[in-house]
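K.L.:
Please find the sequence and the predicted model below.
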Amino acid sequence: MMKQMKTWLVIIAIFISGIILGSVGTGFYMKHRIGGMFHQGLPAVRKVVMKKLNSELNLTQDQQDEAMEIVEETQFKLLQLRMQYQPQMEKIIEGGIAELKTKLTADQQKKLDALYDKIKKRRHFNRGMQEGK
C-alpha cells in the first residue's frame, strides 16, 4: 500500500514538473519571439504577416507583391492613427500615474517615477525604431 502511494506521488510530481517546465519554456519562447518582433520594428511584423498569408493562402508572386503593398499601407495608416491619439493616451496614463501616486509613500512615488521614466524611454526608443523602418 505504501509502495503504491509513493509510486503515485512520484508520477504526480513528474506530471506537475512537466506542466511547470512546459509553461516556463513556452513563456520564454513567446517572450523571445514577440519581443524580437517589437525590437525589430515594422519590417519584422510585415515579414511575419506575409509568411502567414503565403503559407495559408499559397499566394502567387504577383499576389505576394500586391499583398505586401497592402500590408505596408495598412501599417502606415495604423501608425498615423496611433500618432494621432498618442497625446491623448499619454494624458490618460499620466493622470493614472498622478492618481496612483496619491496612494503611495514618498519612497514609492520616487520608484514609480523612475519606473515610468524607464517605460517612457523604452517606448520612445521603440517608436523611433518602428517609424524609422
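P.N.:
Looks like it arrived, so ask away.
K.L.:
How about the contacts made by Leu53?
P.N.:
Leu59, Gln64, Ala67, Val71 (CB atoms under 8 Å, 6 or more residues apart in numbering). Just so you know, the C-beta spots here come from the backbone N, C-alpha and C atoms, and that holds for glycine as well.
K.L.:
and the helix or strand harbouring it, how far from the chain's centre?
P.N.:
Using DSSP states H and E, Leu53 maps to helix 42-57. For helix 42-57, the separation from the chain centroid amounts to 17 Å (computed by CA atoms, centre = their mean, to the nearest Å).
K.L.:
before we move on, what about stretch 61-68?
P.N.:
For stretch 61-68, the distance to the chain centre is 27 Å (CA atoms, centre = their mean).
K.L.:
Tell me which helix or strand comes right after the helix holding Leu53.
P.N.:
Immediately after helix 42-57, counting by DSSP H and E, sits helix 61-101.
K.L.:
That next one versus helix 42-57: what angle between them?
P.N.:
With axes from the mean of the first three to the mean of the last three CA atoms, to 10 degrees defining the directions, helix 61-101 sits at 130 degrees from helix 42-57.
K.L.:
sorry, back to before: the contacts of Leu53 into TSV, with extra columns for neighbour count, distance to Ile20 and pLDDT?
P.N.:
Formatted as TSV, the contacts of Leu53 follow (neighbours: other CB atoms under 10 Å; distance: CB to CB, whole Å; pLDDT from 0 to 100):
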residue	neighbour count	distance to Ile20	pLDDT
Leu59	16	41	95
Gln64	14	42	96
Ala67	16	41	96
Val71	17	38	95
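K.L.:
Can you give me the distance of Ile20 to Thr7?
P.N.:
For Ile20, the distance to Thr7 equals 21 Å [CB to CB, to the nearest Å].
K.L.:
Tell me, how many residues neighbour Leu42?
P.N.:
19 (other CB atoms under 10 Å).
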